[in-house]
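Colleague: Take a look and give me a structure for this.
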Amino acid sequence: MAELKKISDALKLIDAKKESLRKAFEDLDAHSSSLSSFTLTWPAIDALFSSIQSSLTRQFETLQSRTGSVPENDTPPANNPVSLPPQNDAIPSHPQLRLICSAMDAEPLLRYIMDHPNDREALRSELLEAFQVAPDPAKMVLDALTRFFPSKANGDGSSELHTLRRSCVFILERLMLFSPEIGEDVRQRAKSLAEEWKGKMKIGDNTLKPLGFLHLLGAYGLGSDYDSTELIELLIDVVRFREVYGLCRGLNLVDKVPDLIEKLISSGKQNLAVKFVLEFKLTHKFPLIPLLKDIVESARNAAKKLCKDGKLTLQSKNEAASKEISALKQVIKYIKEYNLENEYPVGPLEKRLQNIESHMAARAAAKKRLAGAGFAPAPIMARQQKQQRRNHQVQVRRTPAPAPAPAPAGPSSVLSSADGPPPPVPSAELCGIIPGLPMGFPGNIAPPYLHPMEPQLPLPFPHAGLGLQSHYPPPYFPHY
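Modeller: This is a model prediction of the structure:
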């Protein structure tokens, strides 16, 4: 095919183009003293170039095998079928990492990781490959950690610092897995840095600070310099992070994991204890069934307490239901995944789960119906009624008092037409009617305390009752 022939010819020119690139680099390197920053090396560029060339060649061979054709002037190898390349033979998504690591640029490495927070999966493998071209990856990573604790404490809670610390933890995690050779001078620097970090954090500080400290110890082999009990306490602070299992192995604390599980169980964190039991295959020491039953019971008790503390409001009910639903789903998943149904049937748990979800759906539907009818939830309605009463009081204070009616001419209390004009009718404002404010509920022109089918007498004012606005809904109307 013409297209395959064109690709094949282009691939044959790679070596010649790489040689031209090498000559250009040598000319540029001869003037490197005139440049403010020139840290690139030809071996790093050559390694990156060769990696891309190899990936392109494999992809082209895959294309040939799928189309079943061979470009002209090319002879296929006899009895040597082309096999599909593995997944890691793809062109790197982040080739810059190799250039950065080959030049030992610590700050650009940290900035690059910070600028790609949503591409961690690709970076996990490519950063390990980039460490291979770094002359001293342990020193480079150590140089990138200088801003983990800022000099000014007022920036300790900023999102920028959170991203920086998360990126430092990510780099340390990859370095711990890479397990490079660490020189004595670099190890001493790491030890001094660990002591400095330790003085800036405390037990119970469940942030990225202890997570970074533990990764620093694991990456530079400093775990044996600290008491294992203290390290277990720090692990409990970061137990919710995904990296905690790798830390237990990197710090050589696998034999202390049972102690960690005991502490989790005693502190009511059975769900996290189950994850450690399964990760380190300790079901012979910690049977799953009692732990799973504790999770269900704890979730139910926590839901009851949450509703009670929230005074059974809709928000507290939904929050409690969500927590119990999450616990039930997790337990059901464990039971099915590890074939525990004979010991712990899932039928009652699934029934309980369906019951809670149906109640949540019913509450949501009721809320939607009330919102469609124009009624706000009780707290919002109370605030609206309070504001209306306040506006009404201000309006009444601003309304001038009406002129006094003339005194009767004689002893009779009944005035005739000859005795003068009738007394003035009180204004709507004086009677408590605020102009422009809707009265009662939409569509109900009858007084709120009467049944709509009862006969109505002529009212002295265009609104219900005595013209006073009712600030409360009728007792027969469904409250929220």
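Colleague: Does residue 341 fall in a helix, a strand, or a coil region?
Modeller: Three states are possible here, and by DSSP: H, G, I helix; E, B strand; the rest coil the one that applies to residue 341 is coil.
Colleague: Look up how far residue 158 lies from it.
Modeller: According to Cβ to Cβ, to the nearest Å, residue 341 and residue 158 sit 49 Å apart. To be clear about C-beta, it is placed using only N, CA and C from the backbone, and glycine gets the same treatment.
Colleague: Now do the SS call for residue 386.
Modeller: Under the three-state scheme (three-state DSSP), the conformation of residue 386 reads as helix.
Colleague: tally of neighbours for it?
Modeller: 11 (other Cβ atoms under 10 Å).
Colleague: i'd like the first residue to be 9 from this point on
Modeller: Sure, I'll start counting at 9 from here, so that last one is residue 394.
Colleague: Tell me, how many residues neighbour residue 223?
Modeller: Using other Cβ under 10 Å, residue 223 has 27 other residues around it.
Colleague: Show the pLDDT at it.
Modeller: Here the pLDDT value assigned to residue 223 is 96.
Colleague: residue contacts, it?
Modeller: For residue 223, the contact set (Cβ atoms under 8 Å, 6 or more residues apart in numbering) comprises 177, 180-181, 184, 251, 255, 258.
Colleague: any idea how far residue 375 is from it?
Modeller: When distances are taken as Cβ to Cβ, residue 223 and residue 375 turn out to be 46 Å apart.
Colleague: Would you mind putting the contacts of residue 223 into JSON lines with neighbour count alongside?
Modeller: Output for the contacts of residue 223, formatted as JSON lines (neighbours: other Cβ atoms under 10 Å):
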{"residue": "177", "neighbour count": "21"}
{"residue": "180", "neighbour count": "27"}
{"residue": "181", "neighbour count": "21"}
{"residue": "184", "neighbour count": "24"}
{"residue": "251", "neighbour count": "18"}
{"residue": "255", "neighbour count": "22"}
{"residue": "258", "neighbour count": "21"}
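Colleague: Tell me the one of these nearest residue 364?
Modeller: The shortest gap between residue 364 and any of the contacts of residue 223 belongs to residue 251, at 33.0 Å (Cβ to Cβ).
Colleague: thought the closest one was touching residue 220?
Modeller: No: Residue 251 lies out of contact with residue 220 (Cβ atoms under 8 Å); the separation is 10.4 Å.
Colleague: which neighbours do those two share?
Modeller: Residues within reach of residue 251 and of residue 220 at once, by Cβ under 8 Å, 6+ apart, are residue 177.
Colleague: ok so, going back, format the contacts of residue 223 as JSON lines; extra columns: pLDDT, distance to residue 197 and secondary structure.
Modeller: Written out in JSON lines, the entries for the contacts of residue 223 read as follows (pLDDT from 0 to 100; distance: Cβ to Cβ, whole Å; DSSP: H, G, I helix; E, B strand; the rest coil):
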{"residue": "177", "pLDDT": "95", "distance to residue 197": "19", "secondary structure": "helix"}
{"residue": "180", "pLDDT": "96", "distance to residue 197": "14", "secondary structure": "helix"}
{"residue": "181", "pLDDT": "95", "distance to residue 197": "19", "secondary structure": "helix"}
{"residue": "184", "pLDDT": "94", "distance to residue 197": "17", "secondary structure": "helix"}
{"residue": "251", "pLDDT": "89", "distance to residue 197": "23", "secondary structure": "coil"}
{"residue": "255", "pLDDT": "93", "distance to residue 197": "21", "secondary structure": "helix"}
{"residue": "258", "pLDDT": "91", "distance to residue 197": "19", "secondary structure": "helix"}
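Colleague: Spatially, what comes nearest to residue 185 if we skip its sequence neighbours?
Modeller: Counting by Cβ to Cβ, 6 or more residues apart in numbering, the nearest residue to residue 185 once its immediate chain neighbours are dropped is residue 136, at 6.9 Å.
Colleague: where's that neighbour, which helix or strand?
Modeller: helix 128-139 (DSSP states H and E).
Colleague: mind listing what's buried in that helix?
Modeller: Going by neighbour count (16 or more other Cβ atoms under 10 Å), the buried part of helix 128-139 is 131, 134-135, 137-139.
Colleague: swap in stretch 17-29?
Modeller: Of the residues in stretch 17-29, none are scored as buried under the neighbour-count criterion (16+ other Cβ under 10 Å).
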